[in-house]
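Visitor: could you work out the structure for the sequence below:
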Amino acid sequence: MAKLCIILQLIISFVVIERSGAISSPVAPFTTYKHSIELQKNVADLWWTVDDSEREVTFELHINTVGWIALGISSAGGMKGADIGVGWIDETGNIYIQDRYAFANGRPMVDNTTIDWFALQGHEVSGWTAIQFKRLLDTCDIMDVPIKSGTNHLIFAYGLTDPSPSGPTGEISYHKNRRGSRALSLQSYADSPSEDTFAGLDYFDFRLNNYVVPSVETTYHCKIYKAPSNYSMKRHAIGHKIIVDSANEDLVHHILMYECHPTAQFDDNNLPDDLCDAIHRQTALCVHNVAILWDVGSDYMVALPEEAGYPVGGDFPIKYYMVNIHYNNPNRLSDRTDSSGLRLYIGKELRQYDLGVLALGTKPSPAALAIPPKVERFIVDSYCSATATMNFPKEGITVISAIPHIHMPGMF
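Guide: Numbering: from 1, shown residues only. Okay, the predicted model is just below:
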């Protein structure tokens, strides 16, 4: 029996990944960096290199504005408790940077106890502000957030004008919706592939078609898709792309592709397509195995290991999939239509191993996980029974990725 490659998910509610290596900024970086990422298309890009010997990281942030720009390290992905560096270039070309700390979701205060963000160089070119700066991985400052191994939560924001009055004590204006966040492993980031990696390959999409997003704060939309029928022999998907409508990047919170159990049956002419709660009985066999998962801060392009592929077609027993899209619409915007979804790229040849998914944890329902109020520590233990591993090959499996995910109150 062929050895299996498995992506291990530790699921508490819903789940994660990350984004493409494209760069929007027309401004060349000041130096060569080990890593780079597009934080927001045509808006913000980030480069960085970690110096392990000096225990510091050098960043270069480019944002499409001639006002102030900011990068923050957050403990949980939000503004509260974030350590923030705010920089700008004044009319005479002088560069300024402020070390700030956010006690709440309001204007962060200037941290005058110690200065831990240091500007190196910067300029404004073609309407973009580019600033190179550095910070220690761990400043030992209680008003800073350590940059640790594993996932770090970055936030960024910008203003349209420089702080007022001009100079090092200037006060920043409110950024409004000019902000974003990303979850990145700064010390061991694996650069995402470009779309050119999959040029010339066959592919198929699971996408909505001008779905009218409800004008309510939270919507979970589910749609069943039939596996492509044009692959009579088993093929391997070797990568995927998450497709989020550019006009709805502020609404789409996560996209999940579930495998439906092989026994699931549907009317191919009338596949379920509605709010998840409205069709939960019809889709009961499609809510346990997550094959592809993305949420805000994750990569849009993912390439699988060269020796493994995700099976599609032929005698592969999965014939239906369910795509779950979560819309977060706190302003209850109306008249928004969305065609977000995902694309799977099919390799030209079968790879050595099939890739599968093993999910551990509690199922995503209120009855499965109830955290008492005001507790400082709540532990969830998961156990893998023999029935879950009985079909593993004797030579074992290779875990290529483990992906934990929980919303802001929790931590792993």
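Visitor: from V216, how far out is the nearest residue to T218 once chain neighbours are set aside?
Guide: Leaving out its chain neighbours, the residue that sits closest to T218 by CB to CB, 6 or more residues apart in numbering is N328, at 6.4 Å. (Glycine included, C-beta is placed from N, CA and C.) Distance of N328 to V216, computed by CB to CB, to the nearest Å: 10 Å.
Visitor: thinking again about what came up before, these two touch, right, the residue nearest to T218 and L251?
Guide: Yes - applying CB atoms under 8 Å, one finds N328 in contact with L251, separated by 6.4 Å.
Visitor: more crowded one of these two?
Guide: L251 (21 against 13; other CB atoms under 10 Å).
Visitor: ok, now which ones touch that one?
Guide: If a contact means CB atoms under 8 Å, 6 or more residues apart in numbering, then L251 has 213, 327-329, 333, 336, 338 as its contacts.
Visitor: before we move on, what about V212?
Guide: 336-337.
Visitor: over to S166?
Guide: 90-91.
Visitor: where does it fall, phi/psi-wise?
Guide: phi -60, psi 140 (degrees, to the nearest 10).
Visitor: any idea how far the nearest residue to L201 once chain neighbours are set aside lies from Y258?
Guide: With sequence-adjacent residues excluded and distances taken as CB to CB, 6+ apart, L201 is closest to Y345, at 4.8 Å. The spacing between Y345 and Y258, counted by CB to CB, is 19 Å.
Visitor: again with G341
Guide: For G341 relative to Y258 (CB to CB), the value is 14 Å.
Visitor: next one: G77
Guide: 24 Å.
Visitor: nearest spatial neighbour of D250, chain-adjacent residues omitted?
Guide: Nearest one to D250, counting by CB to CB, 6+ apart, is N177 at 6.9 Å.
Visitor: any idea how far the one you found lies from L333?
Guide: For N177 relative to L333 (CB to CB), the value is 11 Å.
Visitor: what does L39 give?
Guide: Plainly put, L39 is 23 Å away from L333 if you go by CB to CB.
Visitor: the more surrounded of these two?
Guide: Each of L39 and L333 has its neighbours counted (other CB under 10 Å); L39 has more, 22 against 14.
Visitor: look up phi and psi at the more buried one.
Guide: Torsion angles, degrees, to the nearest 10, at L39: phi -70, psi -40.
Visitor: how about the strands in the stretch 201-350 of the chain?
Guide: 202-207, 211-212, 218-226, 235-243, 252-259, 273-275, 289-295, 301-303, 308-312, 320-328, 337-338, 341-346 (DSSP state E, counting those that start in this stretch).
Visitor: may I have the first one exported as CSV, CA atoms only?
Guide: Taking Å, rounded to 0.1, in the frame of the first residue of the first chain, the C-alpha atoms of strand 202-207 are listed here in CSV:
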residue,chain,number,x,y,z
ASP,A,202,-5.6,22.2,-16.3
TYR,A,203,-7.8,23.5,-13.4
PHE,A,204,-11.4,23.7,-12.2
ASP,A,205,-13.2,26.3,-10.0
PHE,A,206,-15.7,26.1,-7.3
ARG,A,207,-17.1,29.7,-7.2
